[in-house]
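Peer 1: the sequence and its predicted three-dimensional model are supplied below.
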There are 2 protein chains.
Amino acid sequence: MSLIEITKQSLAELIELINAKNQEELLPVLEKLYPPDIAELFDELSLEQAVYLASLLEPQKKVDVFTELDDENKLTFLRGYETEDIANTFFAYMDSDDAADILNAMDTQKGKEILRKIADKEHSKNIASLLKFPENTAGSLMAKELIKVRENWTVKQCTEEIRKQAEEVDNVYSAYVVDEFDELIGWISLKRILLSKESQKITAIFNDNVISETTYTSGEEVAATMQKYDLVALPIVDAFNRLVGRVTFDDVLDYVKDEAEKDYQMLSGISESVESTDSVMLNTRARLPWLIVGLAGGIASSLVIGNFEAELAKNVQLALFMPLIMAMAGNVGVQSSSIMVQGLANNSITNSGLWSKLAKELAVALINGLVCSALLMGYGFISGNNHEIMMTVSLALVAVILLAAIVGTSVPLALDRLKIDPALATGPFITTSNDLLGLLMYFLIGYAILG
Amino acid sequence: MSLIEITKQSLAELIELINAKNQEELLPVLEKLYPPDIAELFDELSLEQAVYLASLLEPQKKVDVFTELDDENKLTFLRGYETEDIANTFFAYMDSDDAADILNAMDTQKGKEILRKIADKEHSKNIASLLKFPENTAGSLMAKELIKVRENWTVKQCTEEIRKQAEEVDNVYSAYVVDEFDELIGWISLKRILLSKESQKITAIFNDNVISETTYTSGEEVAATMQKYDLVALPIVDAFNRLVGRVTFDDVLDYVKDEAEKDYQMLSGISESVESTDSVMLNTRARLPWLIVGLAGGIASSLVIGNFEAELAKNVQLALFMPLIMAMAGNVGVQSSSIMVQGLANNSITNSGLWSKLAKELAVALINGLVCSALLMGYGFISGNNHEIMMTVSLALVAVILLAAIVGTSVPLALDRLKIDPALATGPFITTSNDLLGLLMYFLIGYAILG
């Protein structure tokens, strides 16, 4: 273990030191901590305390800490500074993509002011150029900072270029090779540069098999490409194949994790990103909407069943198996819809295979339905339940499972066609609609057999 | 777009070329394809065709393609080769971690034979040393290949070492600095080495603030550390702080994705990794077990309600709101359990905060319960439903939501304590048990009020 854990005790001590503005004792502690650790510490401080602590950090480290804060905390923290300061002590040291992310979350007017006040005009232009890309595209994920070399350069020139840009580009894994029109034609690894003679021409040693994506490629595809080819960085080109930026593995790792969390939350009926550590109010706000959907579904169900009240009064035993029908409809619906959502996310579902996919889901549902129905008949036989009731329930079970599979499969596909996130069709949404349809089916079959 | 998409048409042509053993036309195509693309092509070929195509690849590329195959396909493919070949044309060129993964999936006897036949004894020993680590630990994720340098070396010596190991270590991002006991004391980036004078001593320029993990650290923690500190590679040490391997970002990306998928599947009631493109049988096998759990739960529910049959016959309207009670119990249970599972996965839930966490979940549930109950009462008032029935349902609703929150929160925590994957307590498991408890609660309250 290499990082110092800030225990509750030492946190209290640290806050005391901060309040006493005890620079002498604070500096060695800060020296030992990594930016993400200091960012965690900031979460525990007041704005005033955080601004004081930040003032003790050297410029680059201050920005590295800032970049690690939550989006909300970033905006709060910046309130402790003048626009001039924000521009030239924060934005000046930030990677273009991080800077653009903050501007996107900010008031537009304030953002324009900051951009105008950044002394390094090239950097300011770079940041502004990223603002135009829609969310969730390669353009919005990429950073402008990268090492670009010409094919007719020597290794020595290449090294000099890296030295020049070393300040700006933190993580160098490779250099990208462009032609005189700035078009991407290849790449060369840092290892190759290090191991080659200084007089060697780049053109003789670079790799012309280069994988790239365009600025308008979706985040999903960028992540899929980087994962498929195990790329630590992916060069991004414009429509004319000109090199304009790169996406690095850390952005993709964050992206993959965020997307997975979003899908997971949708499936569990939580409408916004919320953690168990968040406040009671935030937790309530994230969950109540889906509960109200469930409530409305429950009321609708009561109306559906209400139509069969006479039926129920005659055969009270029908009520006994309502939970079974609902549970099965819900489970099958969630299974089918989540398989679809994952398939759509992985791009493994194409339009051409749509009908065969539906047919396959129905085949799976039919097998599952028949097995479950047979098990239920067996139970009915052993338990000696009313024969007609068990016939009704078993028959309804197969029908409901098939219906739930159709709904679970087709709704995500339909949403995807309408450019709506198909993950919306998982969890409470699918269980609620399947409850309704399943119960209706159950009572109609009951009416036909028993009525 | 830089990679050649294998369309259906060209795939048929390729297979023809393979069957005709047309080396001349195949070679330029293979030249243009990346290993992951060729691996996808292998999925479409028979074993014989794949072995022929592999024979056209140079040794390292052949192994890179092989490494990209699915676990199952790897074992199938190796059946096309003699043990001797497997050892010295495949395993000899593989990274130690990839080789160990395959051995773990293989028959032990066959694995031992392969290890014995690898000509490079050092490599064979490296692979064998990885076999002893339990699944899902840093030791099982790491590779032995890395660049290790001594602090008293010069930059020139360091570069020579990289040159020597360049063949074995594909992706070099940094070198790790060790002392005379092989203990990890720091690291140095490739960029720093490239930009430093050849005569410079490593001790003067290396970074002694190094983040590492031990071989027995869990995969979750390794992923969390690499993500928190944006590390492209993480050095792994043994109990004596001796450097023994490194985990790279691509392993972690795969790991994060796999874990997220596992949790997602658990939540949606799918018991093994399965995709919509898999066969009907595989899809059935993955889903049927959870449906049978649901079926058993449904039968148990019918038995619970059976005890209240007389009650139901008297107040048939009680049946109308069973779906509402069940849906709410299910939704709240899934929300609570999935929040817990994510919290446990992110290590944001500690033992000390256990009671406060439970109290918070109860507070959220109470607010949600009261809001939903009030809405239901309002509906009852407007719809003119039987007053006593609506009282019963509203009261039961609050009770059931509280109960579901307690079950949803405590079951994952209990499983975690028992070292069982808490994700097991999401999805069908939690909805089934909440259905049962919720209905029991509903009828008991109904009995008390109406009976």
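Peer 2: Received, thanks.
Peer 1: for the stretch 201-350 of chain A, which segments count as strands?
Peer 2: With strands called from DSSP state E, counting those that start in this stretch, the stretch 201-350 of chain A shows them at A:213-214, A:233-237, A:243-248.
Peer 1: and these as TSV, adding mean neighbour count, distance to chain B and mean pLDDT?
Peer 2: Using the backbone N, CA and C atoms, a C-beta is placed for each residue, glycine as well. As requested, the strands of the stretch 201-350 of chain A are exported to TSV (neighbours: other CB atoms under 10 Å in any protein chain shown; distance: least, CB to the nearest CB, whole Å; pLDDT from 0 to 100):
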stretch	mean neighbour count	distance to chain B	mean pLDDT
strand A:213-214	20	8	95
strand A:233-237	25	9	96
strand A:243-248	24	8	94
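Peer 1: need those strands in CSV with distance to B:L184, can you?
Peer 2: Shown next, in CSV, are the strands of the stretch 201-350 of chain A (distance: least, CB to CB, whole Å):
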stretch, distance to B:L184
strand A:213-214, 36
strand A:233-237, 26
strand A:243-248, 25
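Peer 1: relative to A:A12, which of those strands is closest?
Peer 2: With respect to A:A12, and counting by CB to CB, the nearest of the strands of the stretch 201-350 of chain A is strand A:243-248 at 37.4 Å.
Peer 1: which elements pack onto that closest one?
Peer 2: Contacts defined by 3 or more CB pairs under 8 Å, 6 or more residues apart in numbering or on different chains; DSSP states H and E place strand A:243-248 against helix A:138-141, strand A:174-178, strand A:233-237.
Peer 1: go again using 7 Å as the cut-off
Peer 2: Counting contacts by 3 or more CB pairs under 7 Å, 6 or more residues apart in numbering or on different chains; DSSP states H and E, strand A:243-248 packs against strand A:233-237.
Peer 1: against A:A99, how distant is the residue most central in space within chain A?
Peer 2: In chain A, the centroid-proximal residue (CA atoms, centre = their mean) is A:E259; its distance is 2.1 Å. A:E259 is 23 Å from A:A99, where distance means CB to CB, to the nearest Å.
Peer 1: with A:Q335 instead?
Peer 2: As judged by CB to CB, A:Q335 and A:A99 stand 44 Å apart.
Peer 1: is it true that A:Y229 touches B:P35?
Peer 2: No - counting by CB atoms under 7 Å, A:Y229 sits too far from B:P35 to count as a contact (8.4 Å).
Peer 1: neighbour count winner among these two?
Peer 2: Neighbour count, other CB atoms under 10 Å in any protein chain shown: between A:Y229 and B:P35, B:P35 has more, with 21 against 17.
Peer 1: the more buried one contacts B:F66, doesn't it?
Peer 2: No - B:P35 is beyond contact range of B:F66, at 8.5 Å (criterion: CB under 7 Å).
Peer 1: any stretches of the stretch 351-451 of chain A with poor pLDDT?
Peer 2: Across the stretch 351-451 of chain A, residues meeting the criterion (pLDDT under 70) sit at A:351-353.
Peer 1: ok, stretch A:216-226 near chain B or not?
Peer 2: No - legend: contact between stretch A:216-226 and chain B by CB under 7 Å from any CB of the partner chain is lacking; minimum distance shown is 7.8 Å.
Peer 1: and that stretch, which residues are buried?
Peer 2: Across stretch A:216-226, burial judged by 16 or more other CB atoms under 10 Å in any protein chain shown covers A:T217, A:G219, A:E220, A:V222, A:A223, A:A224, A:T225, A:M226.
Peer 1: next: stretch A:286-304.
Peer 2: Using 16+ other CB under 10 Å as the test for burial, stretch A:286-304 gives A:286-288, A:290-291, A:293-295, A:297-302, A:304.
Peer 1: check stretch A:189-203 too.
Peer 2: By neighbour count on 16+ other CB under 10 Å, the buried set for stretch A:189-203 is A:S189, A:L190, A:K191, A:R192, A:I193, A:L194, A:L195, A:S196, A:Q200, A:K201, A:I202.
Peer 1: before we move on, what about stretch A:275-286?
Peer 2: A:S276, A:N283, A:T284, A:R285, A:A286.
Peer 1: pretty sure A:K148 sits against A:V177.
Peer 2: No - taking contacts as CB under 7 Å, A:K148 lies outside contact range of A:V177: 8.0 Å.
Peer 1: more crowded one of those two?
Peer 2: Using other CB under 10 Å, the more surrounded residue of A:K148 and A:V177 is A:V177, with 26 against 15.
Peer 1: wait, the more buried one touches A:W187, no?
Peer 2: Yes - counting by CB under 7 Å, A:W187 is a contact partner of A:V177 at 6.1 Å.
Peer 1: and for the two, which residues touch both?
Peer 2: By CB atoms under 7 Å, 6 or more residues apart in numbering or on different chains, A:V177 and A:W187 have these common neighbours: A:F206.
Peer 1: residues contacting A:N386?
Peer 2: For A:N386, the contact set (CB under 7 Å, 6+ apart) comprises A:Q317.
Peer 1: how about A:G297, nearest residue that isn't a chain neighbour?
Peer 2: Distances taken as CB to CB, 6 or more residues apart in numbering or on different chains put A:T432 closest to A:G297, at 3.4 Å, once the chain neighbours are dropped.
Peer 1: so which bits of the stretch 101-250 of chain A are right by chain B?
Peer 2: Applying CB under 7 Å from any CB, one finds that the stretch 101-250 of chain A approaches chain B through A:159, A:162-163, A:166, A:172-173, A:190-191, A:193-195, A:210-212, A:227-230, A:232, A:249-250.
Peer 1: same thing but 8 Å
Peer 2: Taking CB under 8 Å from any CB of the partner chain, the part of the stretch 101-250 of chain A that reaches chain B is made up of A:159, A:162-163, A:166, A:171-173, A:189-191, A:193-195, A:209-214, A:226-230, A:232, A:249-250.
Peer 1: ok, the closest residue to A:E68 other than its chain neighbours - how many residues close by?
Peer 2: Residue nearest to A:E68 in three dimensions, not counting chain neighbours: A:A39, with 3.6 Å by CB to CB, 6+ apart. Counted with other CB under 10 Å, the neighbours of A:A39 add up to 22.
Peer 1: residues in contact with A:A39?
Peer 2: Counting by CB atoms under 8 Å, 6 or more residues apart in numbering or on different chains, A:A39 touches A:V65, A:F66, A:E68, A:L69.
Peer 1: any idea which helix or strand carries the first one?
Peer 2: Element membership for A:V65 (DSSP states H and E) is helix A:59-68.
Peer 1: what is that helix packed up against?
Peer 2: Applying 3+ CB pairs under 8 Å, 6+ apart, one finds that helix A:59-68 makes contact with helix A:35-42, helix A:47-55.
Peer 1: which residues touch that helix?
Peer 2: For helix A:59-68, the surrounding residues in contact (CB under 8 Å, 6+ apart) are A:35-36, A:38-39, A:42, A:54, A:57, A:74, A:77, A:89-90, A:93-95, A:98.
Peer 1: and the residue of the stretch 301-450 of chain A closest to chain B?
Peer 2: Closest contact between the stretch 301-450 of chain A and chain B, by CB to the nearest CB, is at A:L324 (2.6 Å).
Peer 1: surely that residue touches B:A296?
Peer 2: No - if you go by CB atoms under 8 Å, A:L324 and B:A296 don't touch, sitting 9.6 Å apart.
Peer 1: circling back to that earlier point, got a list of what the residue nearest to A:G297 touches?
Peer 2: Going by CB under 8 Å, 6+ apart, A:T432 touches A:V293, A:G294, A:A296, A:G297, B:A327.
Peer 1: let's go with 7 Å and repeat that
Peer 2: For A:T432, the contact set (CB under 7 Å, 6+ apart) comprises A:V293, A:G294, A:G297, B:A327.
Peer 1: and it, which of the three is it?
Peer 2: Secondary structure state of A:T432, per DSSP: H, G, I helix; E, B strand; the rest coil, is helix.
Peer 1: what ranges does the stretch 51-200 of chain A have for its strands?
Peer 2: Secondary structure of the stretch 51-200 of chain A by DSSP E, counting those that start in this stretch: the strands cover A:148-150, A:174-178, A:184-189.
Peer 1: what residues does the stretch 351-451 of chain A put near chain B?
Peer 2: Counting by CB under 7 Å from any CB, the residues of the stretch 351-451 of chain A close to chain B are A:357, A:360, A:363-364, A:367-368, A:371-372, A:375-376, A:379, A:428, A:431-432, A:435, A:439.
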